[in-house]
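Peer 1: My questions concern the predicted model and sequence given below.
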Amino acid sequence: MIVKWDCLRGKLVKIRQFFLRCLAKAYQMENFIQLQNFIKSVLVVALSEEIWLNENNVLLQSEIHLRDINNIIKGVTIEEQPVEDTYNCDEEIDILHEETDWTSWAEKVFHEALEIARISGNSNVVNAFYNMEAAKKIKSHVICTIMDRHYAFIFPKQQGNYHVIICRS
């Protein structure tokens, strides 16, 4: 359980609450694409050491992702990102491509977030939410738990590939 994670002990209450709210919101999401983007944003923020503006006064990706997260938690609809909630339980989505399980998918999302975090530098504002250990726990435990409980029934396909049927249980 997130409230017992050692990596969040001793942190400010607002930092612990941020991660708790993020994961609670992720658990409530019913759209796979939105969930994937949200989890990636949470990971970008957790993996970015710096936040705010770069030396050219341009928002860092970590700041943009943090703002998106806060808007989603508050329930603000972001019009720039179209809602792709067109899936139903009869549709098969080839989400995992060559991957074999949610762990591989989580690893891919983690590495994408890590790359975004690496370019979120050149600021003089330290990110209070930076927490590599929390990001690793999200990757290794939380993503797979959310997926296993709510989002997918995985059926083997030829040569180790999988099709995923998106459906709330």
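Peer 2: It's in.
Peer 1: Quick one: classify residue 133 as helix, strand or coil.
Peer 2: At residue 133 the chain is in helix, as set by DSSP: H, G, I helix; E, B strand; the rest coil.
Peer 1: Which residues are in contact with it?
Peer 2: Taking Cβ atoms under 8 Å, 6 or more residues apart in numbering as the criterion, residue 133 is in contact with 5-7. C-beta coordinates here come from the backbone N, C-alpha and C atoms, glycine included.
Peer 1: which residues of this structure fall in helices?
Peer 2: 13-28, 32-47, 61-74, 102-118, 132-137, 143-146 (DSSP state H).
Peer 1: Need those helices in CSV (columns: distance to residue 126 and mean pLDDT).
Peer 2: Shown next, in CSV, are those (distance: least, Cβ to Cβ, whole Å; pLDDT from 0 to 100):
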stretch, distance to residue 126, mean pLDDT
helix 13-28, 12, 93
helix 32-47, 13, 93
helix 61-74, 11, 96
helix 102-118, 14, 90
helix 132-137, 14, 96
helix 143-146, 26, 71
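Peer 1: roughly how far apart are the most centrally placed residue in the chain and residue 54?
Peer 2: Centroid check for the chain by Cα atoms, centre = their mean gives residue 39 as the closest residue, at 0.9 Å. Distance of residue 39 to residue 54, computed by Cβ to Cβ, to the nearest Å: 25 Å.
Peer 1: next one: residue 124
Peer 2: Residue 124 sits at a distance of 10 Å from residue 54 (criterion: Cβ to Cβ).
Peer 1: higher neighbour count, those two?
Peer 2: Applying other Cβ atoms under 10 Å to residue 124 and residue 54 shows that residue 54 carries more neighbours, namely 17 against 9.
Peer 1: Model confidence for that one, exactly?
Peer 2: At residue 54, the pLDDT value in this model is 93.
Peer 1: Repeat that for residue 29.
Peer 2: Note on residue 29: pLDDT of 86.
Peer 1: For residue 132, see how far away the closest residue to it other than its chain neighbours is.
Peer 2: Closest residue in space to residue 29, ignoring its immediate chain neighbours: residue 35 at 4.3 Å, by Cβ to Cβ, 6 or more residues apart in numbering. Separation of residue 35 from residue 132 (Cβ to Cβ) stands at 22 Å.
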